[in-house]
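Asker: dropping the sequence and predicted coords here.
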Amino acid sequence: MISLDGLRKSYGPRTVLDGVSLALEPGRISALVGPNGSGKTTLIKCILGLARADAGRLLVDGVPVDEQGRYRARIGYAPQAPHFPGNLAVGEVFAMLRALRPGAPVDESLLDSFGLRAEWATPVGTLSGGWRQKVSLGAAWLFRPEALILDEPTAGLDPIAAGLFKHALRGFRAEGGTVLITSHILSELEELADDVAFLNEGKLRFAGPVGALLQQTGMRRLEPAIAALLRGLRVESGAVA
Amino acid sequence: MRRALVLLALLSFAAGESAAQDLRVGAGERFTTIGAAVAAARPGATIRVAAGTYREPTIDIRVPRLTLIGEGRPLLDAEGARELLTIRADDVTVRGFAFANTGVTHMQDRAALRVVEVARCVVDDNHFIAALFAIYLQRADGCLVRGNDIRGAGGGESSNGNGVHLWHSPNTRVERNRITGQRDGIYFEFSKGAVATDNVSEENARYGLHFMFSDSCRYERNTFVRNRAGVAVMYSKGIEMRDNAFLEAQGSAAYALLLKEITDGVLIGNRFVGSSTGLYLEGASRLQIADNEFRANGWAVRLMADALDNHFTGNQFVGNAFDVATNSRTVRSTFDANYWDGYRGYDLDRDGRGDVPFHPVRFFALVVEKHPEALLLLRSPVLLVLDAAERVFPVLTPSLADASPRMRPQP
Amino acid sequence: MNAVALVLRAGVRDLARNRWLLAYGIGLATVAELLFVFGGAGNQVVLSLLNATLLLVPLVALVFGTMHVYASREFIELLLAQPLPRPAVFTGLYLGLALPLAAAFLLGVGVPLALHGAASDVPVGALVALAFSGALLTATFAALAMAVALGTDDRLKGMSLSLGAWFLLTIGYDGGVLAIVSLFGDWPLDKAMLTLMLGNPVDVARVLVLTSLDAAALLGYTGALFRRALGGISGPALAVVALSLWCALPVFLARRRFLRRDF
């Protein structure tokens, strides 16, 4: 559904993305992995238009995106460290987000299962990090988006909430949703991901099904496979199944 | 009126006239013009003029002790072409008339009422409307100008004349007149011992009071409001100025009171409010300046370097942008026991006087005195910083100081 | 409701409950109240309020605005991930900062005035000029704060730049002008002074309030300077235009940075 074509991005002399091409397909969860500073967050920001690529194209359903950012209506986004205006109540944040997309279908299942209704009148500024993450995830889910971009979505979530989230994410995939997810917990990604995109020093070293990566590296788990890539093992990007 | 009649009777008695001649002017009277009655009058005569408008050639009074009384305020209309009345004899009284419409000319100082070389004239309770000069005294002595209402045509400085004009007219008393719309409201030149009291001189094109070469004059309880250039008192000795109000003279060339080359005078109990400059002293020396109130002026006092040995005491300075400005670092006048609203000192011994001196001249005032454009920085926060710096390092400002400022304004 | 209004509403709701902003409004109201009660005659009240305004309004707008933009970084990112055009997000964010700040200023000065205004001899025209100037200074310095905070991600550096800008524009600039006048006063400086005054929004605001105080006896002087330098155009009209342009400049700068930068 979303594809990147030769994306290039530098901050001053530092090249952060160096010709990244990647396709995110419906009904699949793609894990974006890479060491710190490898360009994961920049890649996400380029997809969302928060950062502008110096070169390359961003296509949604094969069509280059426009400046108005209307394509973002189809994407739900949960940032790494969500913050909202501290004096707004949880309910006001959701009301504002809903007002921003009048007429969009609404899915409050995740925020309901997180129990956010009980915090409806609580100012966001007084919430703990985990609760802010719940607000953020609930907001990403709110409009039945076609794609979800989740940057460290389980950071700060308690195990129960994390379980609810994973369940919801699988349901989203089952309904044909497209997902791009990052996490520093590789076991969690292994559990969820269909595809892996490995980014290092701005270059995409591997993109393809988890199984293809394991096969090529000769490993049985994702973590040692990634470690092998980091040590410099060269692999062929696998065809998407 | 009754007092005037008594005075008249006494004058007549003194002149030894047993039967005063009483002439009447008006429609259906023996005289239909004032000029004809004046021509027929003997010394000491009384001429009563009925209400109405009189248009006739300039009336020339050459008979002494004549009394000219308007009944119902007859109007003398100059039709824009001439003077109306000239007094050339002693002890003449003119009362109760309206003089109007002399017209403007640049050929002469055309006056509605001119007094020439006489003594003891009385110009009382007349109205002057659109006169170039209203009352013009030349070489008169001991005249009384009282209770007249003078409204000039409001022309600018060059097409206008003075309200009450004294030239070589010593011992004149100018009392309770109301003057507006002239060039100078009251003008004294070479008129020693003249007195101006209780006049209101307002919105004149130049000075409310303009005063030159007239020693030993006194003016009290006058009010000067919004005169274009304020009041100027120049080149005179022994002037007494008490309890006057100098108000709202605004503009870059306006001084509520300009004192130039004035020596040995007193300036006591006057109010200076809302003017660009309250009191401006240039070449003024040995003046006693006491118990005046300076409020809400741009500059309360501007003291030029050539102002010497003046003593300021008991004055109040409240709400002025600058209390004292000077163009020199050395000031040769003294300040003592004044009230300054900008004073931040203390009074530990509770004697009502501050224990540390007050320096009323700020560094910024010095800059502005040299470079008026700097005034655009007025009230800039940088001046607060500068003021604080001056309190810590008083070297920036001139030595001038009030050694024992009052802690409270006098009631 | 359109995007601008929604973002604006969120900002206003957030800042309306902000403790610092409340403290600012109450602080101003206290100062104004004290001035009305103890400050003496009407002109003195306005002049004292003027000094408070010239120092406090830029300082609060800069410091508060800079902190607010840094604190809103993640929220801005969230907004930008929504299907909204960037210009609309900027406008909403800017107004959502400037309007609550201006409202705090206007209420802080306005409530004491409403309580005492009728009974006092405070000149209304000058107060209107003061309120207008204060509101526009707020808008100007809030925009400057945004431009600074959007220009650097280093918060310490951003705050230092803001404080530096405050010092430069409220005190340093006029100090420089005073030095220039003292040094070059022998040349005719009318026009140069006027230009210099127009070159700083704090000066424009100050001169506007001063010229609108009719009984400010120096009016004759400042007014004459304006007239001499401008011919027929009235000084206050020029000041109003200049203040508006001054407000537009940092707004433009902040907007350009917002549209161009990466979050």
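Answerer: That came in fine, so what should we check first?
Asker: what about the helices in the chain?
Answerer: You didn't pick a chain, so chain A it is. With DSSP state H as the criterion, chain A has helices at A:40-48, A:90-100, A:109-113, A:129-141, A:159-174, A:186-192, A:210-217, A:222-230.
Asker: was after chain C, sorry
Answerer: C:3-16, C:19-38, C:42-71, C:73-80, C:86-116, C:124-151, C:155-167, C:173-184, C:190-198, C:201-212, C:219-230, C:235-260.
Asker: turn the helices of chain A into CSV, columns for mean neighbour count and distance to chain B.
Answerer: The C-beta positions use only the backbone N, C-alpha and C, and glycine is treated the same way. CSV is the format used below for the helices of chain A (neighbours: other Cβ atoms under 10 Å in any protein chain shown; distance: least, Cβ to the nearest Cβ, whole Å):
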stretch, mean neighbour count, distance to chain B
helix A:40-48, 23, 43
helix A:90-100, 19, 40
helix A:109-113, 17, 51
helix A:129-141, 23, 42
helix A:159-174, 16, 54
helix A:186-192, 17, 58
helix A:210-217, 18, 66
helix A:222-230, 19, 59
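Asker: poorly predicted segments of chain A, please.
Answerer: Residue ranges of chain A with pLDDT under 70: A:238-241.
Asker: centroid-nearest residue for chain C?
Answerer: Residue closest to the average C-alpha location in chain C (Cα atoms, centre = their mean): residue C:137, at 1.3 Å.
Asker: residues contacting the closest residue to that one other than its chain neighbours?
Answerer: Nearest non-adjacent residue to residue C:137, counting by Cβ to Cβ, 6 or more residues apart in numbering or on different chains: residue C:57, 4.8 Å away. By Cβ atoms under 8 Å, 6 or more residues apart in numbering or on different chains, the contact list for residue C:57 reads C:105, C:134, C:137-138, C:141.
Asker: which of those residues lies closest to chain B?
Answerer: Nearest to chain B among the contacts of residue C:57, counting by Cβ to the nearest Cβ, is residue C:137 at 12.5 Å.
Asker: how much space separates whatever residue of the stretch 251-400 of chain B ends up closest to chain A from chain C?
Answerer: Going by Cβ to the nearest Cβ, chain A is nearest to residue B:381 of the stretch 251-400 of chain B, at 32.1 Å. Distance of residue B:381 to chain C, given as Cβ to the nearest Cβ, to the nearest Å: 5 Å.
Asker: then residue A:97?
Answerer: Plainly put, residue A:97 is 7 Å away from chain C if you go by Cβ to the nearest Cβ.
Asker: contact residues of the stretch 151-263 of chain C facing chain A?
Answerer: C:262-263 (Cβ under 8 Å from any Cβ of the partner chain).
Asker: what stretches of the stretch 151-263 of chain C score poorly on pLDDT?
Answerer: Applying pLDDT under 70 to the stretch 151-263 of chain C flags the ranges C:185, C:214-235.
Asker: could you rerun that using 50?
Answerer: Residue ranges of the stretch 151-263 of chain C with pLDDT under 50: C:215-217.
Asker: picking up where we left off before, who touches the residue of the stretch 251-400 of chain B closest to chain A in this structure?
Answerer: C:51, C:54-55, C:170-171, C:174, C:202.
Asker: return only those of those residues found close to chain B.
Answerer: C:51, C:54-55, C:170-171, C:174, C:202.
Asker: can I get the residues you listed in CSV with neighbour count?
Answerer: Below are these laid out as CSV (neighbours: other Cβ atoms under 10 Å in any protein chain shown):
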residue, neighbour count
C:51, 15
C:54, 27
C:55, 16
C:170, 26
C:171, 20
C:174, 25
C:202, 27
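Asker: which one of those is nearest to chain B?
Answerer: residue C:174 (3.9 Å).
Asker: got the contact list for the closest one?
Answerer: Neighbour list for residue C:174: B:377, B:380-383, C:200, C:202-203 [criterion: Cβ under 8 Å, 6+ apart].
Asker: now the two most distant members of those.
Answerer: Using Cβ to Cβ, these reach their maximum pairwise distance at B:383 and C:200, which is 14.8 Å.
Asker: which pLDDT value does the model give the residue nearest to residue C:137?
Answerer: Per-residue confidence (pLDDT) for residue C:57: 94.
Asker: just the one 5 residues further on next, same as before
Answerer: Reading off the per-residue confidence, residue C:62 sits at a pLDDT of 96.
Asker: same question for residue B:307.
Answerer: 88.
Asker: also residue B:12?
Answerer: Predicted confidence (pLDDT) for residue B:12: 52.
Asker: ok, now the one 4 residues further on?
Answerer: Residue B:16 is assigned 47 on the pLDDT scale.
Asker: repeat that for residue C:147.
Answerer: Per the predicted model, pLDDT is 95 at residue C:147.
Asker: look up how far residue C:53 lies from it.
Answerer: Distance, residue C:147 to residue C:53, by Cβ to Cβ, to the nearest Å: 22 Å.
Asker: how far off centre is stretch B:58-72?
Answerer: Relative to its parent chain, stretch B:58-72 has a centroid offset of 28 Å by Cα atoms, centre = their mean, to the nearest Å.
Asker: with stretch C:83-96 instead?
Answerer: In terms of Cα atoms, centre = their mean, the centre of stretch C:83-96 is set 21 Å apart from its chain centre.
Asker: dump the C-alpha coordinates for that stretch into CSV.
Answerer: Extracted in CSV, the C-alpha atoms of stretch C:83-96 (Å, rounded to 0.1, in the frame of the first residue of the first chain):
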residue,chain,number,x,y,z
PRO,C,83,-4.2,15.0,7.4
LEU,C,84,-3.7,18.7,7.8
PRO,C,85,-1.7,21.1,5.6
ARG,C,86,1.3,22.5,7.4
PRO,C,87,0.3,26.2,7.0
ALA,C,88,-3.0,25.6,8.8
VAL,C,89,-1.2,23.8,11.7
PHE,C,90,1.2,26.8,12.0
THR,C,91,-1.6,29.3,12.0
GLY,C,92,-3.5,27.4,14.6
LEU,C,93,-0.4,26.9,16.8
TYR,C,94,0.7,30.5,16.5
LEU,C,95,-2.8,31.9,17.3
GLY,C,96,-3.2,29.4,20.0
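Asker: outside of that stretch, which residues touch it?
Answerer: For stretch C:83-96, contacts defined as Cβ under 8 Å, 6+ apart pick out A:67-73, A:100-101, C:2-12, C:14-15, C:72, C:76, C:79-80, C:142-143, C:146, C:251, C:254-255, C:258-259.
Asker: can you rerun that using 7 Å?
Answerer: Stretch C:83-96 is contacted from outside by A:68-70, A:72-73, A:100-101, C:3-4, C:6-8, C:10-12, C:76, C:79-80, C:143, C:146, C:251, C:254-255, C:258-259, using Cβ atoms under 7 Å, 6 or more residues apart in numbering or on different chains.
Asker: filter these to the buried ones?
Answerer: Neighbour counting with 16 or more other Cβ atoms under 10 Å in any protein chain shown marks A:69, A:72-73, A:100-101, C:3-4, C:6-8, C:10-12, C:76, C:79-80, C:143, C:146, C:251, C:254-255, C:258 as buried within the contacts of stretch C:83-96.
Asker: residue numbers of chain B in contact with chain C?
Answerer: Residues of chain B lying close to chain C by Cβ under 7 Å from any Cβ of the partner chain are B:250-252, B:254, B:274-276, B:296-298, B:319, B:321, B:367, B:370-382, B:384-385.
Asker: if any of the residues you listed are buried, give me the ChimeraX selection for them.
Answerer: The following ChimeraX line selects those of those that are buried, judged by 16+ other Cβ under 10 Å:
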select /B:250,251,252,254,274,275,276,296,297,298,319,321,367,371,372,373,374,375,376,377,378,379,380,381,382
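Asker: and the residue in the stretch 1-150 of chain B positioned nearest to chain A, how many neighbours?
Answerer: For the stretch 1-150 of chain B and chain A, the shortest gap (Cβ to the nearest Cβ) falls at residue B:149, measuring 68.9 Å. By the measure other Cβ atoms under 10 Å in any protein chain shown, the count of residues near residue B:149 is 17.
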